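1. all I have is the shape, not the residue letters:
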Ligand SMILES: *Cc1c(COP(=O)(O)O)cnc(C)c1O
């Protein structure tokens, strides 16, 4: 698929869901992709990208940001506290806030660095032991703790279990966001972004459908 195919499908999904055109932000997930592929999509004019590791992002994005105006970088993978400063300096959004210690570090770094990325709390909607994120029944409390730290909370993020119907997880995430007065929903990937848009996604994270299969690292 090309970027154009994906943006056409997003536009159609917005219309089908009765949503405002342009209300969904496409995060092109460039992790592990060769720089030529990323550069080709930059040259097509796309400006919002996602990476899942700080180190990898730090290796390629400062150069791209210097060469292309208006790049927005979203961290979508787990964030270790000792990488948080680098993430705050480099990223415009972090989608993986999932524990108090990290939230406290981000609050302190926001003061020190004079900037803070938009933050999404990751919710482990499938309650999978190996997956990051706060459990659904801990979400309200954690949201309140982040608000008490004055963090710029934009919304919630989830990665549904691969074997389950994602719509159930998207609906659960939307419900938790709504009852907490949050309107950002980071949900939907290459195989299910239209269903996510139907259920209210504001940010979809699409990698392989844009760039092609990831080369195994
Ligand atoms: C890799 C990744 C994606 C993109 O996955 P695709 O199936 O290639 O679209 C989305 N979200 C997260 C958190 C990822 O790590």
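-> Now that the structure is in, tell me what you want to look at. Computed from a prediction, not measured in an experiment: that's the story for all the values here.

2. what residue of this protein is the furthest out?
-> residue 112 (24.0 Å; C-alpha atoms, centre = their mean).

3. quick one: contacts for the closest residue to it other than its chain neighbours?
-> Leaving out its chain neighbours, the residue that sits closest to residue 112 by C-beta to C-beta, 6 or more residues apart in numbering is residue 85, at 7.9 Å. C-beta: built from backbone N, CA, C; applies to glycine. Contacts for residue 85 (C-beta atoms under 8 Å, 6 or more residues apart in numbering) come out as 109, 112-113.

4. got it, and residue 166?
-> Contacts of residue 166 by C-beta under 8 Å, 6+ apart are 160, 187-188, 192, 195-196.

5. how about a cut-off of 10 Å?
-> 125-126, 158-160, 187-189, 191-193, 195-196, 199 (C-beta atoms under 10 Å, 6 or more residues apart in numbering).

6. what does this structure have sitting close to the ligand?
-> Residues of the chain lying near the ligand by C-beta under 6 Å from any ligand atom: 29, 31, 52, 76-77, 159, 189-190, 205-209.

7. buried subset of those as a ChimeraX selection?
-> Buried residues among the residues of the chain next to the ligand (16 or more other C-beta atoms under 10 Å), as a ChimeraX selection:
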select :29,31,52,76,77,159,189,190,205,206,207,209
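
8. nearest to residue 18 among the contacts of residue 166?
-> residue 199 (12.4 Å; C-beta to C-beta).

9. what about that closest one, neighbour count?
-> By other C-beta atoms under 10 Å, 21 other residues sit near residue 199.

10. chain neighbours aside, what residue packs nearest to it?
-> residue 170 (4.1 Å).

11. so how far is the helix or strand hosting the one you found from its chain's centroid?
-> Using DSSP states H and E, the element containing residue 170 is helix 166-179. Distance of helix 166-179 from its chain centroid, counting by C-alpha atoms, centre = their mean, to the nearest Å, is 15 Å.

12. buried ones in that helix?
-> 166, 169-174, 176-177.

13. what does stretch 60-69 rub up against?
-> 30, 33, 35, 38-39, 42-43, 45-47, 49, 51, 71-73, 89-91.

14. 6 Å instead, please
-> Under the criterion C-beta atoms under 6 Å, 6 or more residues apart in numbering, residues 42, 71, 73 lie in contact with stretch 60-69.

15. what pLDDT, on average, does it get?
-> Confidence for stretch 60-69, expressed as mean pLDDT, is 97.

16. mind listing what's buried along it?
-> Buried, per 16+ other C-beta under 10 Å, within stretch 60-69: 60-61, 64.

17. again with stretch 69-78
-> For stretch 69-78, using 16+ other C-beta under 10 Å, the buried residues are 71-78.

18. same thing with stretch 116-131?
-> By neighbour count with 16+ other C-beta under 10 Å, stretch 116-131 contains the buried residues 116-126, 131.

19. about what we covered before: rebuild the buried residues of stretch 69-78 as TSV, extending it with secondary structure and distance to residue 56.
-> Output for the buried residues of stretch 69-78, formatted as TSV (DSSP: H, G, I helix; E, B strand; the rest coil; distance: C-beta to C-beta, whole Å):
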residue	secondary structure	distance to residue 56
71	coil	15
72	strand	17
73	strand	11
74	strand	13
75	strand	10
76	coil	12
77	coil	9
78	coil	13
